[in-house]
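**Student:** With the sequence up front, the predicted model follows.
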Amino acid sequence: MLFRSPDGLQFALKAEAGEVGYKGNLIVQAFLEVEGKQQGGKSAKQKQRNELGPLPAIPVEIVQP
């Protein structure tokens, strides 16, 4: 899950119990969703999804809750 915080964004991930102790890198692809524009400057009902690109690798470790 993705949450907004005063410092930016936070990820909350859930793992199966058998994967405790796994270490690796999380690769996240970022997108920005904006409202499309029609001729005449009116907003379109459909949103456009623009790719921002991958974020730097995020090191993760799965631990007991």
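**Tutor:** The structure has been received and is ready for your questions.

**Student:** alpha carbons only for contacts and neighbour counts from here, please
**Tutor:** OK.

**Student:** which secondary structure elements does the helix-or-strand element of the chain with minimal mean pLDDT contact?
**Tutor:** Between all helices and strands in the chain, the lowest mean by mean pLDDT, DSSP states H and E belongs to strand 8-11, at a mean of 78. Other helices and strands packing on strand 8-11, by 3 or more C-alpha pairs under 8 Å, 6 or more residues apart in numbering; DSSP states H and E, are strand 2-5.

**Student:** so how far is the strand it packs on off the chain centroid?
**Tutor:** Put simply, strand 2-5 sits 10 Å off its chain's centre (C-alpha atoms, centre = their mean, to the nearest Å).

**Student:** if we look at it, which residues are touching it?
**Tutor:** 9-12 (C-alpha atoms under 8 Å, 6 or more residues apart in numbering).

**Student:** rewinding a little: name the next helix or strand following the least confident helix or strand of the chain along the chain.
**Tutor:** Sequence-wise, the next helix or strand downstream of strand 8-11 (DSSP states H and E) is strand 23-26.

**Student:** Send over that next one as PDB, restricted to the C-alpha atoms.
**Tutor:** Written as PDB, here are the backbone C-alpha positions of strand 23-26 (Å, rounded to 0.1, in the frame of the first residue of the first chain):
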ATOM      1  CA  LYS A  23      16.700  -9.500   1.900                       C
ATOM      2  CA  GLY A  24      16.700  -7.900  -1.500                       C
ATOM      3  CA  ASN A  25      15.900  -4.700  -3.400                       C
ATOM      4  CA  LEU A  26      12.500  -3.300  -4.300                       C
END
